[in-house]
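**Q** below is the structure, and that's it, no one-letter string:
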């Protein structure tokens, strides 16, 4: 009997070590770098919706859903998103407000291989919550880059808002489409002599009637033509405004040497 | 130790490849017709139609296959077929099933030719392909397998194989942003590679509208024979490209409708184009990805 159980343990060992490996980047690199020793609890107040098998690693739709309304007394203040196994795991740091109504966020990201996508939320009282979802990025002929780079370059900086015509429980849902190639800079320059440095959207602010509803710091894991969906609390006539900047960096995996790019602005009148 | 032996045997493994089976579809035009499969560790990504065209002076290789081994097998097939040397290697686009035999043809006297955007696409894909080739296709790739073109074609170029002229055309973004087609004047054969899919579902990695626009030009031609990147030889033109056109047109119509209705990408992938399923092999493997790619493109079409 003892030999049998030893045998089973031996059989399971590869899986155990594989599972441990999946957490290793988070435990050894990401968590210490971004959160130091802060305690982070796994929580079901947050969930991530993402396809288990991503059809296109360049364009993985991810939605983070929070189960609590944003009230001045209790709200999600910040949310970080990471893809553990990406060469640069940081996807974004998103700031929400009571005016956001509900701290849900849908976006499209690049997932380089089989990896956890994780979201960490900081509540206004300092509590840290986490949820994660495993995603297998596959696809026979696709790589986590954009498709028609020249077309994307031509309309760079354009933005548009799309709104659901109806509100639900006092909340309006907005989609912000941003045209930007969000170039990763991950390529083999030495062979092809083709050099293209990381060039991506780094900061975004969305306001409604002058008050912020979403702020973000983002990186190359955001897909070409960044696309965000979020909530805000409408007050009849109003103005949505989006502002973003981009940045050029020297290395795909370091942000120590970067040069600011341009600023882009879009406003839209809404009546909801 | 085992690795050392493998390393020492490496040239022997390459030499031991049997010649690739090829069919002479028109005088001097030889095609290896691949099985229609999803790339996996068993087929080593040997899933594309590849081949060569023989002139009086020399040979032009058109796509080199999914691995150095397949490239070697193609090289052997050329040696069995003719004693003329290879003078050109034409890469029709960047996808791994078409370019990763390149390395075995790299020698003095051989010029590589591609779309002017091929090198850029190779640079962007290479780290990703090299990273996953072992796991996904059981193929070992390294930087040496990235062989960018010596000649970058912007519009068109004629090459002479000795009493045989090939017209190479660089297309605007369609299947990818670096598609190149080959036309053999002598036999009126067009080698469209992945601009044409027959039976195998078309895969979109460029521009849906761009591809449809290229199709509308291609279908005005009067080709005798057409070699697709995936699927059997086409002998009836333009009938042979109609299923592909219908599929892409269906995506265009239905996705535009979804966007108009305010639907999101996640919803569109579940509903768009399902009527096409019975008509295509590997539909489940690629269709959703096509919808996503097309959706992301069409969101911006009015700008």
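**A** Yep, it's here. All values derive from a computational prediction rather than experimental measurement.
**Q** so residue A:51, which of the three states?
**A** coil (DSSP: H, G, I helix; E, B strand; the rest coil).
**Q** that one: how many residues sit nearby?
**A** Using other C-beta atoms under 10 Å in any protein chain shown, residue A:51 has 18 neighbouring residues. Using the backbone N, CA and C atoms, a C-beta is placed for each residue, glycine as well.
**Q** ok, it - contacts?
**A** Contacts for residue A:51 (C-beta atoms under 8 Å, 6 or more residues apart in numbering or on different chains) come out as A:60, A:61, A:135.
**Q** where does the stretch 101-250 of chain B dip in pLDDT?
**A** Along the stretch 101-250 of chain B, no part satisfies pLDDT under 70.
**Q** in it, which spans are strands?
**A** With DSSP state E, counting those that start in this stretch as the criterion, the stretch 101-250 of chain B has strands at B:111-115, B:151-153, B:156-160, B:165-170, B:180-184, B:189-197, B:225-230.
**Q** ok so residue B:78 is a helix residue?
**A** Yes - counting by three-state DSSP, residue B:78 is part of a helix.
**Q** quick one, what contacts it?
**A** Contacts for residue B:78 (C-beta under 8 Å, 6+ apart) come out as B:30, B:52, B:59, B:61, B:86.
**Q** cutoff 6 Å now
**A** Going by C-beta atoms under 6 Å, 6 or more residues apart in numbering or on different chains, residue B:78 touches B:52, B:59.
**Q** about what we covered before: closest to residue B:287 out of the strands of the stretch 101-250 of chain B?
**A** Nearest of the strands of the stretch 101-250 of chain B to residue B:287, taken as C-beta to C-beta: strand B:189-197 at 12.4 Å.
**Q** contacts for the closest one, please.
**A** Strand B:189-197 is contacted from outside by B:26, B:29, B:62, B:92-93, B:174-175, B:179, B:181-183, B:223, B:225-231, B:241, B:244, using C-beta under 6 Å, 6+ apart.
**Q** in helices only, show me the contacts of residue A:51.
**A** Counting by DSSP state H, no part of those is found in helices.
**Q** closest one of these to chain B?
**A** Nearest to chain B out of these is residue A:61 (C-beta to the nearest C-beta; 5.0 Å).
**Q** any chance of JSON lines for the strands of the stretch 101-250 of chain B, columns mean neighbour count?
**A** Shown next, in JSON lines, are these (neighbours: other C-beta atoms under 10 Å in any protein chain shown):
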{"stretch": "strand B:111-115", "mean neighbour count": "23"}
{"stretch": "strand B:151-153", "mean neighbour count": "17"}
{"stretch": "strand B:156-160", "mean neighbour count": "15"}
{"stretch": "strand B:165-170", "mean neighbour count": "19"}
{"stretch": "strand B:180-184", "mean neighbour count": "25"}
{"stretch": "strand B:189-197", "mean neighbour count": "26"}
{"stretch": "strand B:225-230", "mean neighbour count": "26"}
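**Q** I'd like those strands as TSV, with distance to residue A:230 appended.
**A** What follows is the strands of the stretch 101-250 of chain B, written out as TSV (distance: least, C-beta to C-beta, whole Å):
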stretch	distance to residue A:230
strand B:111-115	40
strand B:151-153	43
strand B:156-160	48
strand B:165-170	42
strand B:180-184	43
strand B:189-197	38
strand B:225-230	41
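**Q** for those, which one sits closest to residue A:72?
**A** The closest of the strands of the stretch 101-250 of chain B to residue A:72 is strand B:189-197. By C-beta to C-beta, the value is 56.2 Å.
**Q** now the closest one: how far from the chain's centre is it?
**A** Relative to the centre of its chain, strand B:189-197 is centred 8 Å away, using C-alpha atoms, centre = their mean, to the nearest Å.
**Q** on that earlier part again, kindly indicate which of the contacts of residue A:51 lies nearest residue A:237.
**A** So of those, ranked by how close each gets to residue A:237 (C-beta to C-beta), first place is residue A:61, at 31.8 Å.
**Q** look up how far residue A:106 lies from that closest one.
**A** Separation of residue A:61 from residue A:106 (C-beta to C-beta, to the nearest Å): 7 Å.
**Q** those two: who's more crowded?
**A** residue A:61 (22 against 19).
**Q** can you tell me how far the more buried one sits from residue A:137?
**A** As judged by C-beta to C-beta, residue A:61 and residue A:137 stand 12 Å apart.
**Q** and residue B:62, bridged to which residues?
**A** Residue B:62 forms beta bridges with residue B:51, residue B:90, as assigned by DSSP bridges.
**Q** residue A:62 against residue A:47, yeah?
**A** No - here residue A:62 lies out of contact with residue A:47, judged by C-beta atoms under 6 Å, at a distance of 11.1 Å.
**Q** more neighbours, the two?
**A** residue A:62 (24 against 15).
**Q** that one: what's it in contact with?
**A** For residue A:62, the contacting residues are A:50, A:107, A:109, A:117, by C-beta under 6 Å, 6+ apart.
**Q** of these, which belong to strands?
**A** Under the assignment DSSP state E, the contacts of residue A:62 contribute A:107, A:109, A:117 to strands.
**Q** which one of those residues is nearest residue B:263?
**A** Checking these one by one against residue B:263 (C-beta to C-beta), the nearest turns out to be residue A:107, at 17.1 Å.
**Q** grab the nearest non-local neighbour of the closest one.
**A** Distances taken as C-beta to C-beta, 6 or more residues apart in numbering or on different chains place residue A:228 nearest to residue A:107, at 5.2 Å, with adjacent residues excluded.
**Q** go ahead and confirm residue A:108 touches residue A:223.
**A** Yes - counting by C-beta under 6 Å, residue A:108 does reach residue A:223; the two are 4.0 Å apart.
**Q** anything in contact with each of the two?
**A** residue A:59.
**Q** between the two, point out the one with more neighbours.
**A** Neighbours were counted for residue A:108 and for residue A:223 using other C-beta under 10 Å; residue A:223 has more, 25 against 21.
**Q** using the three-state scheme, assign the residue in the stretch 151-300 of chain B positioned nearest to chain A.
**A** Closest residue of the stretch 151-300 of chain B to chain A, C-beta to the nearest C-beta: residue B:289 (4.0 Å). When classified by three-state DSSP, residue B:289 comes out as helix.
**Q** ok, and the closest non-adjacent residue to it?
**A** residue A:55 (4.0 Å).
**Q** for residue A:183, same thing?
**A** Leaving aside its sequence neighbours, residue A:183 sits nearest to residue A:199 (C-beta to C-beta, 6+ apart; 4.4 Å).
**Q** the one you found touches residue A:185, doesn't it?
**A** No - assessed by C-beta under 6 Å, residue A:199 is found out of contact with residue A:185, at 7.2 Å.
**Q** residues in contact with residue B:264?
**A** For residue B:264, no contacting residues are found, by C-beta under 6 Å, 6+ apart.
**Q** apply 10 Å and report the result again.
**A** A:61, A:63, A:106, A:162, A:175, A:227, A:229, B:258, B:295 (C-beta atoms under 10 Å, 6 or more residues apart in numbering or on different chains).
**Q** kindly report the same for residue B:219.
**A** If you count contacts by C-beta under 10 Å, 6+ apart, then residue B:219 has B:237, B:238, B:239, B:240, B:241, B:242, B:245 around it.
**Q** neighbour-wise, give me the winner out of the residues you listed.
**A** Among those, residue B:241 has the most neighbours (other C-beta under 10 Å), with 24 neighbours.
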